[in-house]
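Asks: Here is my input; please provide its structure:
(chains A, B and C)
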Amino acid sequence: MNRRLFAAHSALLLIVASITGKAVLADPVDDSLQIDGTEIITRAPAPEGLPFDQVLSGWLFREAETRATEADSFANPGMLAVERGAEIWNTVEGTMGKSCASCHQDAAKTMKDVGAHYPKWDAASGKPLNVELRINKCRVDNMGAEPYKFDDPNQLALTSYIKHQSLGTPVGIDLSQGQMQSWWDRGKELYYTRTGQLNLACASCHEGATGKYIRADHLSQGQVNGFPTYRFNTAGMVSLHNRFRGCIRDTRAEMPAAFSDELMALEVYVTWRGTGLSVETPSVRQ
Amino acid sequence: MTFTRRRMLVLAAGAAAIPILPLAPIPAFASAEEAAKLMADFAAGKEAVAGKLKLTAPEIAENGNTVPITVDVDSKMEGDDLVQSIVIFADGNPRPEVATFHFTALSGTAAATTRMRLAKTQNVIAMAKMSDGTVYMDKKEVKVTIGGCGG
Amino acid sequence: MATTPKPRVRVPKSAAAGEVIVLKTLISHEMESGQRKDKDGKTIPRKIINKFTCEFNGQPVFSCDLDPAISANPYFEFSAKVTESGTFKLTWVDDDGSVYTDEQKIEVA
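Replies: Reported below is the predicted structural model:
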């Protein structure tokens, strides 16, 4: 075996060993989070049907300096994306000569708490939309502009800006609308399906191994309440579907495309798993 | 809680052979000698003394790409008791230089915080030069661990 | 991010004469270290902010020479002793010669 193959192989073994073994386990920290005076709910009673009592924000699993960076909205580089989002909000684009603000005026009022309740059923397209797709719909239908491509920096910035208007608001999605329940069912199935060379499901790591360490990473419940997230790793914003794809890649499985039905279903289900946690966007992660 | 920091480091060390580094791929690392030479240049013949300069850095950095550090000298910042500059070195990065802070009486305090990159576990070294040429030093080892999820 | 670097600065609006205040600054910048390689194995040229300065009413308060080991989106926190009302001028100098500036007023009573 050459060196590279050997290293990749040992990485796989290590991942499997760290989540199946008993070795290293740590509790989430006993700490509370305020951002600019807003109380952030980082522990909430788990919704009915989850095999644990409390849902926990990923913030509780990070080291002190990472937590401190999120707690200080000035030190948090993710706020650069939020500010960029505010600029885009006011910028005219497309054939209809409109900006987001032309119709929605002051986002602090009109978008307050909106992001906390996404994904949301959209009857016209017959599927749930997340904030990214909702923005694209407005760009196409209401502005005559091109939809953003996945992970366009402007998509990340505008999504962060809209989600940030819900800072502190508990996440809660409405499963009674349209076919949301069947998307939830499908997401749940995906969450528990073992795939890839490693034969791992989301649940293997984020339910069965929460609190364990994969190398230096303290495994959280894999909650989505802080997305888009500023990551030290890439020194930039990471969208939810990018994170999903990264986690799936780590199991050496085929990666569904961003905004595919699979990942939308997963977003519906995983968002529900964090019901009651505050929106933290832009959260800060390692 | 069954976890100890030591166990975690053992685990991280076990993974050290895996070539995933924050600045990868990285050319030859600066030797600690190069850092030593730059330190000697900064001290300009003076003995660097411990005590007045405090370097704060995490014991374990969650990600080597963004490691917060703070330097702080116990100084009145007026008259003769004035810090001119503080220099930061890292003895295991491709290049040892990190930053040089310059202060004046208008600084009020000789304290500064920034964020730096550490390519691997290594020493971060801070040295302060006073207006009378006195040199202070502090040093912290920062463990840089490797994450498990590329995400 | 390939957008024009944008500074963010936090300075108190007012202070008492002789008070030591804390300033925080952050600028969006990739701080390309010059040590990374692209897909074809070519070194990506260095492009960093190499100098940051803070002046108050034209007098130097604090400055920093930056090396590639400073993280992307450089962050600084430092202090200033203020004895009179005036204006802070903050300046970032890019390897490509671009200069980004920001000014902040403070009332000192």
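Asks: Over to the residue of chain C most remote from its centre. Which of the three states is it?
Replies: Among residues of chain C, the one most distant from the C-alpha centroid is C:D40; the distance is 33.2 Å, by C-alpha atoms, centre = their mean. Taken by DSSP: H, G, I helix; E, B strand; the rest coil, the conformation at C:D40 corresponds to coil.
Asks: Next to chain B, which bits of chain C? Give me the list.
Replies: Taking C-beta under 8 Å from any C-beta of the partner chain as the criterion, the neighbours of chain B within chain C are C:20-21, C:33, C:35-37, C:56, C:59-72, C:74-81. (Each C-beta comes from the backbone N, C-alpha and C, glycine too.)
Asks: pLDDT of stretch A:98-114, averaged?
Replies: If you average the pLDDT over stretch A:98-114, you get 98.
Asks: Show me the contact partners of that stretch.
Replies: With C-beta atoms under 8 Å, 6 or more residues apart in numbering or on different chains as the test, stretch A:98-114 has contacts from A:86, A:88-93, A:138, A:142-143, A:158, A:161-162, A:165-166, A:169.
Asks: quick revisit: and the residues of chain C next to chain B, which are buried?
Replies: The neighbour-count test (16 or more other C-beta atoms under 10 Å in any protein chain shown) applied to these identifies C:21, C:33, C:35, C:56, C:61-72, C:74-81 as buried.
Asks: overlap between those and the residues near chain A?
Replies: The subset of those lying close to chain A, counting by C-beta under 8 Å from any C-beta, consists of C:S71, C:A72, C:Y75, C:E77.
Asks: and the two most separated of those residues?
Replies: For these, with distances taken as C-beta to C-beta, the pair at the greatest spread is C:A72 and C:E77 (16.9 Å).
Asks: hang on, the earlier thing: among the buried ones among the residues of chain C next to chain B, which lie within helices?
Replies: Applying DSSP state H to these, no entry is found in helices.
Asks: In strands, which of those fall?
Replies: Residues from those lying in strands, with DSSP state E as the criterion: C:21, C:56, C:61-66, C:75-81.
Asks: which one of the residues you listed is nearest A:W272?
Replies: C:Y75 (35.7 Å).
Asks: OK, contacts around the closest one?
Replies: With contacts defined as C-beta under 8 Å, 6+ apart, C:Y75 is in contact with A:A75, A:P77, B:T113, B:T114, B:R115, C:K24, C:T25, C:L26.
Asks: May I have the beta-bridge partners of it?
Replies: The residues listed as beta-bridge partners of C:Y75 by DSSP bridges are C:L26.
Asks: And the helices in chain B, which stretches?
Replies: According to DSSP H, chain B carries its helices in the segments B:5-14, B:32-43.
Asks: Pick out the shakiest of these, pLDDT-wise.
Replies: Mean pLDDT values for these show the minimum at helix B:5-14, a mean of 36.
Asks: Which residue does the stretch 101-250 of chain A have closest to chain C?
Replies: With C-beta to the nearest C-beta as the measure, A:A235 is the residue of the stretch 101-250 of chain A nearest to chain C, at 3.6 Å.
Asks: Now name the helix or strand holding A:L158.
Replies: A:L158 is part of helix A:153-164 when elements are defined by DSSP states H and E.
Asks: Which strands or helices does that helix pack on?
Replies: The elements that helix A:153-164 packs onto, with contact taken as 3 or more C-beta pairs under 8 Å, 6 or more residues apart in numbering or on different chains; DSSP states H and E, are helix A:78-89, helix A:131-137, strand A:236-238.
Asks: Make JSON lines out of the ones you listed and add distance to chain B and mean neighbour count.
Replies: JSON lines is the format used below for these (distance: least, C-beta to the nearest C-beta, whole Å; neighbours: other C-beta atoms under 10 Å in any protein chain shown):
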{"stretch": "helix A:78-89", "distance to chain B": "12", "mean neighbour count": "21"}
{"stretch": "helix A:131-137", "distance to chain B": "18", "mean neighbour count": "21"}
{"stretch": "strand A:236-238", "distance to chain B": "7", "mean neighbour count": "24"}
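Asks: Any chance of those in a markdown table with distance to C:P12 and mean pLDDT as columns?
Replies: What follows is these, written out as a markdown table (distance: least, C-beta to C-beta, whole Å; pLDDT from 0 to 100):
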| stretch | distance to C:P12 | mean pLDDT |
| --- | --- | --- |
| helix A:78-89 | 19 | 96 |
| helix A:131-137 | 35 | 98 |
| strand A:236-238 | 29 | 95 |
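Asks: Compare those and give me the one nearest B:T56.
Replies: Between B:T56 and the helices and strands packed on helix A:153-164, the shortest gap by C-beta to C-beta is with helix A:78-89, which sits at 23.3 Å.
Asks: Other residues contacting the closest one?
Replies: Residues outside helix A:78-89 that contact it (C-beta under 8 Å, 6+ apart) are A:73, A:99-101, A:104, A:107, A:153-154, A:156-162, A:164, A:228-230, A:237, A:281-284, C:3, C:6, C:8, C:26, C:28, C:73.
Asks: buried sites along stretch C:8-21?
Replies: Judged by neighbour count using 16+ other C-beta under 10 Å, the buried positions of stretch C:8-21 are C:R8, C:V9, C:V11, C:A15, C:E19, C:I21.
Asks: Which one of those is nearest to A:G187?
Replies: A:G187 lies nearest to C:R8 out of those, by C-beta to C-beta, at 37.2 Å.
Asks: need the contact list for the closest residue to A:Q155 other than its chain neighbours.
Replies: Sequence neighbours aside, A:Y148 is the residue nearest to A:Q155 in space, at 3.8 Å (criterion: C-beta to C-beta, 6 or more residues apart in numbering or on different chains). Neighbour list for A:Y148: A:E132, A:I135, A:N136, A:R139, A:N154, A:Q155, A:L158 [criterion: C-beta under 8 Å, 6+ apart].
Asks: The same query, at a cut-off of 10 Å, please.
Replies: Residues counted as contacts of A:Y148 (C-beta atoms under 10 Å, 6 or more residues apart in numbering or on different chains) are A:E132, A:L133, A:I135, A:N136, A:R139, A:N154, A:Q155, A:L156, A:L158, A:T159.
Asks: can you check A:H206 too?
Replies: Residues touching A:H206, when contacts are defined by C-beta under 10 Å, 6+ apart, comprise A:I19, A:G58, A:Y191, A:L219, A:S220, A:Q221, A:G222, A:Q223, A:C247, A:V270, A:R273.
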